[in-house]
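> below is the sequence, then the predicted model.
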Amino acid sequence: MEEARIGGGQSSKERVRKTRSDKRISVKTNLTKESHTLLNRLGMTVGKPKTALATEIVETLLRNPTFVVWIQDKYNVADEFRLTPTTIDGKIKY
């Protein structure tokens with residue numbers, strides 16, 4: 001876990017706080033109008049905001065070995081650069 005210094009100046013009593021391990025990182029994307037409409041409708045249907053639903057979709061796909069292999073095949077990733085999804089302790093690792 002990384003540490004962040006809190007407080008300005010040159011005080012000898014700087015507090016050090018740890019960065020949260022579950023910290024989220026914002027990723028922005030541009031959707032077509034059709035995809036935005038579908039995401040919005042699906043979100044309303046399941047009772048989730050579209051951003052929360054989009055996050056769940058991305059996280060689910062990244063943890064799906066079949067999807068990881070498929071997307072690499074689609075873009076013809078060379079063998080030396082391919083990620084090999086492996087399940088370790090119930091989690092997908094690359």
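Everything's here; your move. Keep in mind it's a predicted model, so treat the numbers as computed, not measured.
> which ones are touching the closest residue to Pro49 other than its chain neighbours?
The shortest distance from Pro49 to any non-neighbouring residue, by C-beta to C-beta, 6 or more residues apart in numbering, is to Gly43 (6.0 Å). Yep, even glycine has a C-beta here, placed from its N, CA and C like the rest. When contacts are counted by C-beta atoms under 8 Å, 6 or more residues apart in numbering, Gly43 is found next to 49-50, 52-53.
> the spatially most central residue of the chain and Val27, how far apart?
Of all residues in the chain, the one closest to the mean position by C-alpha atoms, centre = their mean is Glu59, 5.6 Å from it. Distance of Glu59 to Val27, given as C-beta to C-beta, to the nearest Å: 11 Å.
> for Gly90, same thing?
Counting by C-beta to C-beta, the gap between Gly90 and Val27 amounts to 25 Å.
> tell me which of these two has more neighbours.
Summary of the neighbour comparison: Gly90 and Val27, criterion other C-beta atoms under 10 Å, with Val27 having more neighbours (8 against 5).
> show me how this structure divides into domains.
Annotated domains of the chain cover 31-61, 63-94 [automatic domain parsing].
> pick the most buried one from those domains.
Looking across the domains of the chain with neighbours counted as mean count of other C-beta atoms under 10 Å, the highest average goes to domain 31-61: a mean of 12.
> end-to-end on that domain?
17 Å (C-alpha to C-alpha, to the nearest Å).
> do stretch 63-79 as well
As for stretch 63-79, its first-to-last residue distance stands at 20 Å under the measure C-alpha to C-alpha.
> centre of the chain to that stretch, how far?
Distance of stretch 63-79 from the chain centroid (C-alpha atoms, centre = their mean, to the nearest Å) equals 17 Å.
> need the residues that contact that stretch.
Applying C-beta under 8 Å, 6+ apart, the contact partners of stretch 63-79 are 61-62, 82-83, 85, 87, 91-92, 94.
> which of those sit farthest apart?
By the measure C-beta to C-beta, these have their two most distant members at Arg82 and Lys91, which lie 19.4 Å apart.
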